[in-house]
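Participant: Predicted structure and sequence below. I'll ask about it afterward.
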Amino acid sequence: TDFEIAREADSPQQFVSNPIKVLHIVNSLGTGGAELMLVRLLEGMDRQRFESTVVSLLRIDTFAPKLHKLGIRTESLDIRGGATVISSAPRLIRLIKDVRPDLVQTWMYHSNLLGLFANRRAGNAPLSWSVHTSELDFSAYSLELKLLFKLGARLASIPDATIFTSYRAQQWHESLGFKP
């Protein structure tokens, strides 16, 4: 009947010939708040409509087996310090070129910055940063994190979108120079 044809035409799967490829770049897959949020997001995503790949800057850890059970590809850059950050950049660029994502989603400061640079070299897919902290006491953190924060603030207008975990986090970051 006409009603059945119309109902079938409204099916979202009819319009998805190829899944949307999302490449997530995260600091680690260990136990942490942002990592858990990523896992929960991936558990709830329609895998017919979205094909996700997760790249961990550090070694593959706690949440990787759960992602594998979901059929999600995981890769590790196995970064262990400053020198391996530089040597891992070409590998991340190759991974982005290999996946050819429709969207690159980065998670936290380190991943935001490395993802920004690698994505621009790999073809510049739409990029979304995510920020998971508010009101850091910088006196308790390393000089490296302070410099990453300042660099992130200077580059915050480049990504196509920035997701903050709360309005308070957004206000705090913007008060310190993040201008998405």
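Facilitator: Happy to help now that I have it.

Participant: Not counting its neighbours along the chain, what's nearest the residue nearest the centre of the chain?
Facilitator: Nearest to the mean C-alpha position of the chain, counting by CA atoms, centre = their mean, stands T106 at 2.4 Å. Closest residue to T106 apart from its sequence neighbours, by CB to CB, 6 or more residues apart in numbering: G115 at 3.7 Å. Quick note: C-beta positions are derived from backbone N, CA and C, even for glycine.

Participant: The one you found: what secondary structure?
Facilitator: helix (DSSP: H, G, I helix; E, B strand; the rest coil).

Participant: What are the neighbouring residues in contact with it?
Facilitator: 25, 92, 104, 106, 127, 129 (CB atoms under 8 Å, 6 or more residues apart in numbering).

Participant: so which of those would you say is closest to F138?
Facilitator: The shortest approach to F138 among the contacts of G115 belongs to W129, at 19.5 Å (CB to CB).

Participant: Against W129, how distant is S142?
Facilitator: With the distance defined as CB to CB, to the nearest Å, S142 ends up 21 Å from W129.

Participant: who has more neighbours, the two?
Facilitator: Neighbours per residue, other CB atoms under 10 Å: of S142 and W129, the larger number sits with W129, 28 against 9.

Participant: in which helix or strand would I find the more buried one?
Facilitator: Following DSSP states H and E, one finds W129 within strand 127-131.

Participant: Next secondary structure element downstream of that strand?
Facilitator: Assigned by DSSP H and E, the successor of strand 127-131 is helix 143-155.

Participant: which other helices and strands contact that next one?
Facilitator: helix 109-122 (3 or more CB pairs under 8 Å, 6 or more residues apart in numbering; DSSP states H and E).

Participant: Buried residues in the helix it packs on, which are they?
Facilitator: 109-116, 118-119, 122 (16 or more other CB atoms under 10 Å).

Participant: closest to S56 among those?
Facilitator: Distances from S56 to the buried residues of helix 109-122, taken by CB to CB, are shortest for S111, at 9.0 Å.
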